[in-house]
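Participant: Predicted model and sequence follow; I will ask about them next.
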Amino acid sequence: METSLVDAMKLLAAAILVGGAAIGSATGVGGVGASLIESSARQPAEADRLQSKAFLMAGMLDAVPIMAVALALLILFGDPLG
């Protein structure tokens, strides 16, 4: 009985971790995209530089859910008690 509760809590923790990271990353990438469009509209001559910086930031923001998935797998399959 106790192990099934621990397994259920592990699943819940992993789901919250991955879901929260995905929502946060999607919000961040959306903000970067919105800022890129606004900045490109204000200064069209700088659009190429702004686009490369926006892609760099989007790549950094996408690294967060990847690390969250790795941590979730560690929570699910790591056995700290044995």
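Facilitator: Cool, got the structure.
Participant: Spell out, range by range, the helices that occur in the chain.
Facilitator: Secondary structure of the chain (DSSP state H): helices located at 2-42, 47-77.
Participant: Need the nearest residue in space to the most centrally placed residue in the chain, chain neighbours excluded.
Facilitator: Centroid-nearest residue in the chain: P65, 3.1 Å away (criterion: Cα atoms, centre = their mean). Counting by Cβ to Cβ, 6 or more residues apart in numbering, P65 lies nearest to A21, which is 4.3 Å off, once chain neighbours are set aside. C-beta here means a position set from N, CA and C on the backbone, and glycine is covered the same way.
Participant: A72: how many residues sit nearby?
Facilitator: 21 (other Cβ atoms under 10 Å).
Participant: Equivalent analysis for E38, please.
Facilitator: Count around E38 with other Cβ under 10 Å applied: 10.
Participant: dump the residue contacts of the residue nearest to the centre of the chain.
Facilitator: Counting by Cβ atoms under 8 Å, 6 or more residues apart in numbering, P65 touches V18, A21, A22, S25.
Participant: Could you do A72 as well?
Facilitator: Counted by Cβ under 8 Å, 6+ apart, A72 has contacts A13, A14, A15, L17, V18.
Participant: how about the nearest residue to the third one, chain neighbours excluded?
Facilitator: Spatial nearest neighbour of A15, chain neighbours left out: A72 (8.0 Å); criterion: Cβ to Cβ, 6+ apart.
Participant: repeat for the second one
Facilitator: Nearest non-adjacent residue to A14, counting by Cβ to Cβ, 6+ apart: A72, 3.8 Å away.
Participant: A54 and G33 touch, don't they?
Facilitator: Yes. Using Cβ atoms under 8 Å, A54 is in contact with G33, at 7.1 Å.
Participant: Show me which of the two is the more surrounded one.
Facilitator: Neighbours per residue, other Cβ under 10 Å: of A54 and G33, the larger number sits with A54, 18 against 13.
Participant: Who are the contact partners of R49?
Facilitator: Counting by Cβ under 8 Å, 6+ apart, R49 has no contacts.
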